[in-house]
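Colleague: got a predicted model here, sequence first, then my questions.
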Amino acid sequence: VVTATNVVNMYGKCGSLRNSQRCFDKMLSKNIITWTTMISSYSESGMGYMALHLFEQMLQECVLPNMVTFITIITICTNQVAKIEGKRIHVYILCTEYKLDIALCNSLISMYGQCDALAHARQTFDGMLAKNVVSWSGMIAAYAQHSQGMAALSLFQEMQLIEVTANDITLVSVLDACANQTCLSAGECVHTLIFSDTLELNVLVGNSIVNMYNKCGKFLDAWKTFTRLKEKDTATWSVIMGACAEHGQGMEAVRLMDQMMHKGVGLD
RNA sequence: CAAUCAUUG
């Protein structure tokens, strides 16, 4: 069973859903990990709907989900923006011993955030007995994505007060909140904070800073930050080119495009 | 450890 499950996983990860499914169907005995793996495979291939379907089928065959299964399926609900399904599964989770698991609650927060159910996200967040940096980042991101920049920023402050250490992803979410709220002062504050702590900026954080300055109408600061970034990825170029275009610098955008191609950064 | 959580264009 372990070996066959590994095969299902390997095909799934390689995007070969057909083979993954074929192997899964041929297996005579399956355990919960096998089912969970197959559900993930559907999701990897962008077939979230099929993944939800397989989950239902699993329940009908009286196979009990474990914590990883729940995390997996809730994450799929997030990607599918499947609010109804997500809520239903959450109710089920509340009847299990997993209801307070940190990673599971984290995925629920993100699912509710994605499904425009901020209140449910917050409720889940508040109900947690223990939180980690992912919980905080997830809740901050949920607020940021719903233009609740102020709520995001105050959560960030609260997080720092109880001495949870922010990581790169947290900062990306916070900067996103500043960008959405066009809250320049807070964004600058974060920028300063970052420079005092780290020498080299993570690409993701760098991109978010450029984006934040641009959204706050500080094209020059965006540009300055862009030129100072050691590491650039396709998102970096995309942000700065978009910024140029918005500021009537179409020619500059084209020039950047050339530069990017020249550096061997592929298009996507 | 055979499967699993938050993030910018």
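Modeller: Received the coordinates, thanks.
Colleague: check whether stretch A:162-176 comes near RNA strand B.
Modeller: Yes: Stretch A:162-176 comes into contact with RNA strand B (CB under 7 Å from any atom of the strand), by way of A:167-170, A:172-173, A:176. Heads up, the C-betas are built off the backbone N, CA and C, glycines and all.
Colleague: now the buried members of those residues.
Modeller: A:168-170, A:172-173, A:176 (16 or more other CB atoms under 10 Å).
Colleague: from memory A:C216 sits against A:A186, does it?
Modeller: No: if you go by CB atoms under 8 Å, A:C216 and A:A186 don't touch, sitting 9.7 Å apart.
Colleague: in which helix or strand does the residue of chain A positioned farthest from its centre reside?
Modeller: The outermost residue of chain A relative to its centre, with distances by CA atoms, centre = their mean, is A:L28 at 35.8 Å. Counting by DSSP states H and E, there is no helix or strand that carries A:L28.
Colleague: roughly how far does it sit from A:G138?
Modeller: 40 Å (CB to CB, to the nearest Å).
Colleague: one more: A:Q145?
Modeller: 11 Å.
Colleague: mind listing the shared neighbours of those two?
Modeller: A:G113 (CB atoms under 8 Å, 6 or more residues apart in numbering).
Colleague: counting neighbours, what do you get for A:I84?
Modeller: Neighbourhood size, A:I84 [other CB atoms under 10 Å]: 9.
Colleague: just checking, A:M241 touches A:D258?
Modeller: No: counting by CB under 8 Å, A:M241 does not reach A:D258; the two are 11.1 Å apart.
Colleague: more neighbours: these two, which one.
Modeller: More crowded of A:M241 and A:D258, by other CB under 10 Å: A:M241, with 19 against 9.
Colleague: show me the shaky parts of chain A.
Modeller: A:187, A:189, A:191-200 (pLDDT under 70).
Colleague: residues contacting the residue nearest to A:N19 when sequence neighbours are not counted?
Modeller: Leaving aside its chain neighbours, A:N19 sits nearest to A:Y11 (4.2 Å; criterion: CB to CB, 6 or more residues apart in numbering). Contact analysis of A:Y11 by CB under 8 Å, 6+ apart lists A:17-20, A:23, A:41.
Colleague: dump the residue contacts of A:V205.
Modeller: Contacts for A:V205 were tallied using CB under 8 Å, 6+ apart; they are A:168, A:171-172, A:175, A:194.
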